[in-house]
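**Q** structure here, sequence nowhere to be found:
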């Protein structure tokens, strides 16, 4: 069966992220390892130890068999365990596992079915990481998806006066996204949808990831936010390095100058990379040039402080300052430039 553009682009994104963050002899913990599909990528990065964790016994067994068949030059351990389970931390501590990198390439969004599940996952990730270690991966870009949905709703209202039913799908020539429940406001957790790519018969089931909630829960778990970046901008920022790599997957995905063609841009725009870091208390802080106080900006700075809106738990933090939203439409997130509210 031919490999679809969606799979080629997703494989490229994982390869690029691993090339950036992996380093020789690192200990890597791969959450929802999904049969060890990234074994070759981690081997190329010359890591020292690989821990594959999956809630599925089949996924763990397939990952183990793949590693054994390829005889990769790193030690490996495979564990059947739900990364959002209550006893996850205790079992990992019993095994003495600590990782330089924890990655979650495709199923973090499943934990956003509820705040409790997302919170448990992030607490477990924090317990796994060594100080200074990174939590990295790929998630749906909910900012892009929700903005497309909002535009669809607004267009429908403009065409039909007195429209009562809210459209529940997004269609492009590359995919169809169908939401489980029709609604106009973005719920922080449990917003389910199905994604079906062109020329594929399988529907992928996902939950939207509310970025401010992800950042808040990560902070509460002891992880510092580094970056959430739409994959189109991730590619543009690293195009010099990765254009040849993406071109090697398929010449039809980029133009002769290495820029994304329209189809690649549309598909990659559905996803974002995320990066969090566990602080290292023993790290030497960087030298920072003191900021010069500007009286002209004092009033604007004061406005930002007074406009802080408390989250659901009533807590307020400087990092929770959100831009004003029109009737609560849209969410904080990266997204391509033309998809930002």
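**A** Alright, I've got the coordinates. All values derive from a computational prediction rather than experimental measurement.
**Q** and the spatially most central residue of the chain, which of the three is it?
**A** Averaging the C-alpha coordinates of the chain gives a centre point, and the residue nearest to it by Cα atoms, centre = their mean is residue 139 (2.8 Å). Of the three states, residue 139 takes strand according to DSSP: H, G, I helix; E, B strand; the rest coil.
**Q** tell me how far it lies from residue 246.
**A** Taken as Cβ to Cβ, to the nearest Å, the spacing of residue 139 relative to residue 246 amounts to 20 Å. All C-beta spots, glycine's among them, are computed from the backbone N, C-alpha and C.
**Q** report the beta-bridge partners for the residue nearest to the centre of the chain.
**A** Using DSSP bridges, the bridge partners assigned to residue 139 are residue 272.
**Q** separation between it and residue 106?
**A** In terms of Cβ to Cβ, residue 139 sits 9 Å off from residue 106.
**Q** quick one: contacts for the residue nearest to the centre of the chain?
**A** If a contact means Cβ atoms under 8 Å, 6 or more residues apart in numbering, then residue 139 has 108-109, 209, 271-272, 274 as its contacts.
**Q** please apply the same query to residue 252.
**A** By Cβ under 8 Å, 6+ apart, residue 252 lies in contact with 5, 261, 263.
**Q** now list the buried members of these.
**A** In the contacts of residue 252, burial by neighbour count holds for 5, 263, counting by 16 or more other Cβ atoms under 10 Å.
**Q** lowest-confidence entry in the contacts of residue 252?
**A** The member of those with the lowest pLDDT is residue 5, at 88.
**Q** and stretch 140-156, which residues are buried?
**A** Within stretch 140-156, the residues scored as buried using 16+ other Cβ under 10 Å are 140-150, 152-153.
**Q** check the nearest residue to residue 142 once chain neighbours are set aside and give its pLDDT.
**A** Distances taken as Cβ to Cβ, 6 or more residues apart in numbering put residue 208 closest to residue 142, at 4.2 Å, once the chain neighbours are dropped. Model confidence at residue 208, expressed as pLDDT, equals 93.
**Q** equivalent analysis for the one 5 residues further on, please.
**A** We have a pLDDT of 95 for residue 213.
**Q** was I right about it contacting residue 188?
**A** Yes - contact status for residue 213 versus residue 188: in contact at 4.9 Å, counting by Cβ atoms under 8 Å.
**Q** please identify every residue contacting each of the two.
**A** Common neighbours of residue 213 and residue 188 (Cβ under 8 Å, 6+ apart) are residue 115.
**Q** the strands in the chain, which residues?
**A** 27-31, 49-54, 75-80, 99-104, 129-140, 169-171, 175-179, 192-197, 204-207, 224-230, 271-277 (DSSP state E).
**Q** tabulate those (CSV), appending distance to residue 13.
**A** Conversion of these to CSV gives the following (distance: least, Cβ to Cβ, whole Å):
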stretch, distance to residue 13
strand 27-31, 15
strand 49-54, 19
strand 75-80, 23
strand 99-104, 12
strand 129-140, 6
strand 169-171, 21
strand 175-179, 16
strand 192-197, 15
strand 204-207, 15
strand 224-230, 11
strand 271-277, 7
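**Q** nearest to residue 90, of these?
**A** For those, distance to residue 90 was read as Cβ to Cβ. The smallest value, 12.9 Å, belongs to strand 75-80.
**Q** parallel or antiparallel, which strands does that closest one pair with?
**A** Looking at strand 75-80 with DSSP bridges, its partner strands are strand 49-54 (parallel).
**Q** next, the angle strand 27-31 makes with the partner strand.
**A** Angle between the axes of strand 49-54 and strand 27-31 is 10 degrees (criterion: axes from the mean of the first three to the mean of the last three Cα atoms, to 10 degrees).
**Q** give me the contact list for strand 49-54.
**A** Judged by Cβ under 8 Å, 6+ apart, the contacts made with strand 49-54 from elsewhere in the structure are 26-34, 36, 39, 42, 60, 63-64, 67, 72, 74-81, 83, 97, 99.
**Q** what subset of those residues is buried?
**A** 26-34, 36, 39, 42, 60, 63-64, 67, 72, 74, 76, 78-79, 81, 83, 97, 99.
**Q** and the strands of the chain, which one averages the lowest pLDDT?
**A** For the strands of the chain, the weakest mean pLDDT is recorded on strand 169-171, namely a mean of 89.
**Q** contacts for that one next, please.
**A** Contact partners of strand 169-171, identified using Cβ under 8 Å, 6+ apart, comprise 145, 148-149, 152, 176-179.
**Q** now, which of these sits nearest residue 131?
**A** Scanning those for proximity to residue 131, where the rule is Cβ to Cβ, the winner is residue 145, at 34.5 Å.
**Q** export the buried residues of stretch 140-156 as a markdown table, with columns for distance to residue 130.
**A** Output for the buried residues of stretch 140-156, formatted as a markdown table (distance: Cβ to Cβ, whole Å):
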| residue | distance to residue 130 |
| --- | --- |
| 140 | 28 |
| 141 | 29 |
| 142 | 30 |
| 143 | 31 |
| 144 | 33 |
| 145 | 34 |
| 146 | 35 |
| 147 | 37 |
| 148 | 39 |
| 149 | 39 |
| 150 | 41 |
| 152 | 44 |
| 153 | 45 |
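**Q** right, I'll leave it there.
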